[in-house]
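In: no FASTA, just this:
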């Protein structure tokens with residue numbers, strides 16, 4: 001009986017893994033073909049969901065034509081798809097996500113739109129973070145915290161260059177796996193490196209009651 005249950009469990013895990021691989025392969029195809037916002041909007045609609053984007057005329061002008069930083073809340077995981085899907089109305093391909101390095105494992109197309117940040121230190125204090133470290137999802141690089149600082153600084157400087165060249169950088173500043181839901185410290189570092197005339201837009205996902 002125990003062996004049969006184990007076999008059923010292993011089959012279920014295999015089916016889930018296969019389903020996820022197919023889903024991420026389709027998502028990467030959509031992103032490569034149409035851009036990250038179009039890919040995420042396709043994902044949201046295939047999930048049977050919809051979303052309404054509310055912005056001011058001034059914000060619309062910025063998002064349609066200029067480089068900027070978009071800072072959004074990150075209390076869960078699902079809002080990544082919703083927020084990125086919202087940008088599809090502007091039909092821009094120069095949208096990049098400043099996010100944790102492990103998101104690059106989801107596929108080549110996603111990795112090309114990711115400005116990778118090694119984000120392990122705060123997560124070590126949470127149950128969620130300890131699980132991710134134990135599974136090798138958030139391993140520190142060989143150079144330790146010194147290498148983390150160097151690589152993250154390079155990523156922040158790259159993000160500034162993207163905005164200077166007219167691109168959009170999206171930062172999910174609020175730590176989903178942090179007990180206090182506090183903003184990541186790199187948010188302030190990034191803003192301090194930006195030029196004074198680079199717009200900063202705040203975004204959030206509002207769920208129906």
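Out: All right, it came through fine. What you see is a predicted model, and the numbers here were worked out from it, not measured in a lab.
In: Just give the number of residues close to residue 194.
Out: Close neighbours of residue 194, defined as other C-beta atoms under 10 Å, add up to 19. To be clear about C-beta, it is placed using only N, CA and C from the backbone, and glycine gets the same treatment.
In: Leaving out chain neighbours, which residue sits closest to it?
Out: Spatial nearest neighbour of residue 194, chain neighbours left out: residue 160 (5.7 Å); criterion: C-beta to C-beta, 6 or more residues apart in numbering.
In: Can you tell me how far the one you found is from residue 54?
Out: Separation of residue 160 from residue 54 (C-beta to C-beta, to the nearest Å): 28 Å.
In: on that earlier part again, residue 192 is in contact with the residue nearest to residue 194, correct?
Out: No. Contact criterion C-beta atoms under 8 Å: residue 160 and residue 192 do not qualify, at 10.1 Å.
In: Compare the two and say which is more crowded by neighbours.
Out: Between residue 160 and residue 192, counted using other C-beta under 10 Å, the more crowded position is residue 160 (18 against 8).
In: quick one: buried residues of stretch 155-163?
Out: Counting neighbours by 16 or more other C-beta atoms under 10 Å, one finds that the buried residues in stretch 155-163 are 155-156, 159-160, 162-163.
In: partner residues bridging residue 202?
Out: residue 71 (DSSP bridges).
In: Around it, how many other residues sit close by?
Out: Burial of residue 202, expressed as a neighbour count using other C-beta under 10 Å, amounts to 11.
In: and what of residue 143?
Out: Residues lying near residue 143 (other C-beta under 10 Å) number 11.
In: Please report the distance of residue 96 from residue 68.
Out: Distance, residue 96 to residue 68, by C-beta to C-beta: 12 Å.
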